[in-house]
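J.: Attaching a predicted model along with its sequence, questions to come.
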Amino acid sequence: MDLTRLRWTEHPDNPLIHPLGRGWMIADPTLLLPEETPDGRWHLFANSIPPRLHHFTSVDGEDWSWEESLCRGGMRPWCRRIDGEYLLVYERVHWVAPLRSRIELIRSSDLTTWSAPVTLLSPSLPWHGRFHRTVSCPSLYPWEGGWRMVYSAATVFLRDCGFVEPRFVGVADAPAPEGPWTPLPDPILGPSRDDWFRTLGAGSLKVIPDPDGDGLWGFNNGIYRDDAGRSRSSIGLFRSADGLAWEWASEGPVISPGGTGWKRALVYAMDVRITGPDAAVMVFNARDGWFVGAERIGMATATRSADLPVDLEARLEV
């Protein structure tokens, strides 16, 4: 499957999910497709601030309803059905020491009742941070008879925003999703003055094994400064043969910030699901300002044709 042939179209009603109550942020979404779920609905997990995970459902992928809150202290989730069971992997922020975090796993057979959390990965390497000792943004995929986790670590402070974003991306290997996980000694992505897309930080990386078995696709939101010196983040498409060395697969970002609306400032973490031989869907969050701003979740779909109608059902039709 060649993801470079797909053209991304943002949903005309974006953003689709707004912060709860008086909150200002709902972010870092992960998506389950209707054919994967017990009730045939779309399911999505995301996080708010203060850190907590939230579960949303939708009949059509457009109108979303909040179902429940879970995992106090949870952020940046990733969820998949593996061997008939749902695995929800996420960053757990320490309440007593909020500058530290670890990656945890909970399980469910029905997306309703969840197991007790199990720790998969804690900061252990020098590049996991000095003052901010964090591991975050986990995602898993099968690799060479076992499993590989892509994760972010450490932080970079965005002065014009007043908060931090992930600085490095690394990988860890394990025989099974529950571990034990062994992180590789060096990061695979990090800030570089020679890389405009990651001058400040590596953000997050979500990996999709090619359905035809020909290498790996990756979606990365690099953290950088624009020509005016403002912090930015965009989503780009990348390609790798081994999951360690990544090269651009698109001519530039597939989703970029800009305009005066909900993604004026930054476009952040995402989840991408293949929905057919020539179709995919992405959920992502964006921010409408820098120091003061709200974060919401939107959707984009990709097809091989750029002339399909904009309604979601037609764009996802296989």
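T.: Received the coordinates, thanks. These figures come from a predicted structure and were not determined experimentally. Residues are numbered from 1 along each chain as shown.

J.: okay, CA-based contacts and neighbour counts for the rest of this
T.: Will do.

J.: Distance from stretch 33-47 to the middle of the chain?
T.: 16 Å (Cα atoms, centre = their mean, to the nearest Å).

J.: how long is that stretch end to end?
T.: 19 Å (Cα to Cα, to the nearest Å).

J.: swap in stretch 101-119?
T.: Distance between the boundary residues of stretch 101-119 (Cα to Cα) amounts to 11 Å.

J.: I'd say Arg296 and Ile17 touch.
T.: Yes: judged on Cα atoms under 8 Å, Arg296 makes contact with Ile17 at a distance of 6.0 Å.

J.: Now list whatever residues contact both of those two.
T.: Ile26 (Cα atoms under 8 Å, 6 or more residues apart in numbering).

J.: Settle it for me: which of the two has more neighbours?
T.: A side-by-side neighbour count of Arg296 and Ile17, using other Cα atoms under 10 Å, places Arg296 first with 24 against 21.

J.: and the end-to-end length of stretch 179-189?
T.: First residue to last in stretch 179-189 (Cα to Cα) measures 23 Å.

J.: Likewise for stretch 258-278?
T.: One end of stretch 258-278 to the other measures 28 Å (Cα to Cα).

J.: Identify each buried residue in that stretch, please.
T.: Residues 262-275, 278 are the ones in stretch 258-278 that count as buried (16 or more other Cα atoms under 10 Å).

J.: The residue lying closest to Met25 once chain neighbours are set aside: how many residues sit nearby?
T.: Once flanking residues are discounted, Met25 sits nearest to Glu295: 4.5 Å by Cα to Cα, 6 or more residues apart in numbering. By the measure other Cα under 10 Å, the count of residues near Glu295 is 25.

J.: ditto for Gly229
T.: Neighbours around Gly229, by other Cα under 10 Å: 9.

J.: what do you get for Ser109?
T.: 15.

J.: quick one: contacts for it?
T.: Contacts of Ser109 (Cα under 8 Å, 6+ apart): Gly84, Glu85, Tyr86.

J.: can you do 6 Å?
T.: Glu85 (Cα atoms under 6 Å, 6 or more residues apart in numbering).

J.: Need the pLDDT of it.
T.: Ser109 carries a pLDDT score of 97 in this model.

J.: separation between it and Ser115?
T.: Relative to Ser115, and taking Cα to Cα, Ser109 is found at 10 Å.

J.: do the same with Ser122
T.: 20 Å.

J.: The two: which is more packed in?
T.: Ser122 (20 against 11).

J.: so the more buried one makes contact with Arg102?
T.: Yes: look at Ser122 against Arg102 with Cα atoms under 6 Å: they come within range, at 4.6 Å.

J.: Ala269 is in contact with the residue nearest to Met25, correct?
T.: No: using Cα under 6 Å, Glu295 is not in contact with Ala269, being 11.4 Å away.
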